[in-house]
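> Got a sequence here, can you model it:
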Amino acid sequence: MKRIDLYFVSGLILFFLPFFIFDQVYNAYNSFNSDHGMIMSFIKFAVLATLGEVIGLRIKTGKYNTPGFGILPRAIVWGFLGLTIKLAFVIFSSGTVSFLAYMGMENASEVIRGGFSLQKLFVAFCISVFMNSIYAPVMMTLHKITDTHILNTGGTVKGLFTPIDFRGIISRLNWDVQWSFVFKKTIPFFWYPAHTITFLLPTDFQVLFAALLGIALGLILALASMKK
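Numbering: from 1, shown residues only. Have a look, this model is predicted:
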């Protein structure tokens with residue numbers, strides 16, 4: 001581990017430590033998150049998912065930032081993606097419960113709010129499967145498009161807000177990697193079980209766990225860009 005890695009890890013520890021050792025900080029976070037869930041989703045994914053991409057860049061190039069990488073534009077994009085992720089959590093958690101009730105599992109709503117049981121595991125797994133099968137591929141593809149746009153415009157905030165060449169970028173995407181790695185492997189083998197755990201947790205812990213998964217999300221998508 002190089003000195004820059006020690007600085008990086010130390011910075012992360014100092015950033016997260018107050019949430020674990022000071023109840024006032026953690027309670028303030030929970031309170032603000034409860035009252036302003038969408039704002040917190042923007043902030044959490046802007047910080048944590050971008051952090052995952054930075055770590056991915058370190059693995060790929062040996063550096064935490066390079067010219068044209070565009071940390072700030074990526075954070076802005078992740079913030080807006082975070083809003084859609086929060087939206088997906090709300091829609092698919094309630095929608096899946098309603099669907100299961102429609103299919104005959106009338107106690108699905110009570111099960112997901114209760115203590116751990118095989119029924120709760122089943123409901124949480126169903127929520128995860130529906131959300132990651134329907135929403136995740138769209139979000140991941142949109143991220144790849146915006147990621148390419150940021151690189152094409154020099155990694156600047158001004159460039160981020162220029163018109164995106166959707167047609168050109170989509171036609172040049174490496175769909176073999178997008179399908180065989182991002183969709184076919186990470187969704188069933190990582191995201192299905194990861195979000196099953198998320199929906200098994202109490203609501204307060206779901207928020208924190210989902211935010212931490214943002215690091216994994218940014219890292220996975222960054223590593224996908226390394227595959228040829």
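> As a quick check, tell me the outermost residue of this structure.
Centroid-distance maximum for the chain: residue 104 at 32.0 Å, with C-alpha atoms, centre = their mean.
> secondary structure class for that one?
coil (DSSP: H, G, I helix; E, B strand; the rest coil).
> for the chain, which spans come out with low pLDDT?
1, 204, 207-208, 225-228 (pLDDT under 70).
> just so I have it, where are all the helices in it?
For the chain, helices defined by DSSP state H occupy the ranges 3-21, 23-35, 37-61, 71-102, 108-113, 118-134, 136-152, 157-160, 166-172, 175-177, 192-200, 203-224.
> related to what we said a few turns ago, backbone dihedrals for the residue farthest from the centre of the chain, please?
The phi/psi pair for residue 104 (degrees, to the nearest 10) reads phi 120, psi -10.
> if we can go back for a sec, rebuild the helices of the chain as a markdown table, extending it with distance to residue 186.
Yep, even glycine has a C-beta here, placed from its N, CA and C like the rest. Converted to a markdown table, the helices of the chain look like this (distance: least, C-beta to C-beta, whole Å):
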| stretch | distance to residue 186 |
| --- | --- |
| helix 3-21 | 23 |
| helix 23-35 | 26 |
| helix 37-61 | 13 |
| helix 71-102 | 15 |
| helix 108-113 | 25 |
| helix 118-134 | 9 |
| helix 136-152 | 8 |
| helix 157-160 | 25 |
| helix 166-172 | 20 |
| helix 175-177 | 11 |
| helix 192-200 | 10 |
| helix 203-224 | 5 |
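> Save the ones you listed as TSV, and put in distance to residue 183 and mean neighbour count too.
Rendered in TSV, the data for those read as follows (distance: least, C-beta to C-beta, whole Å; neighbours: other C-beta atoms under 10 Å):
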stretch	distance to residue 183	mean neighbour count
helix 3-21	30	11
helix 23-35	30	13
helix 37-61	18	20
helix 71-102	16	18
helix 108-113	27	17
helix 118-134	10	19
helix 136-152	6	18
helix 157-160	26	14
helix 166-172	15	11
helix 175-177	10	13
helix 192-200	12	19
helix 203-224	10	19
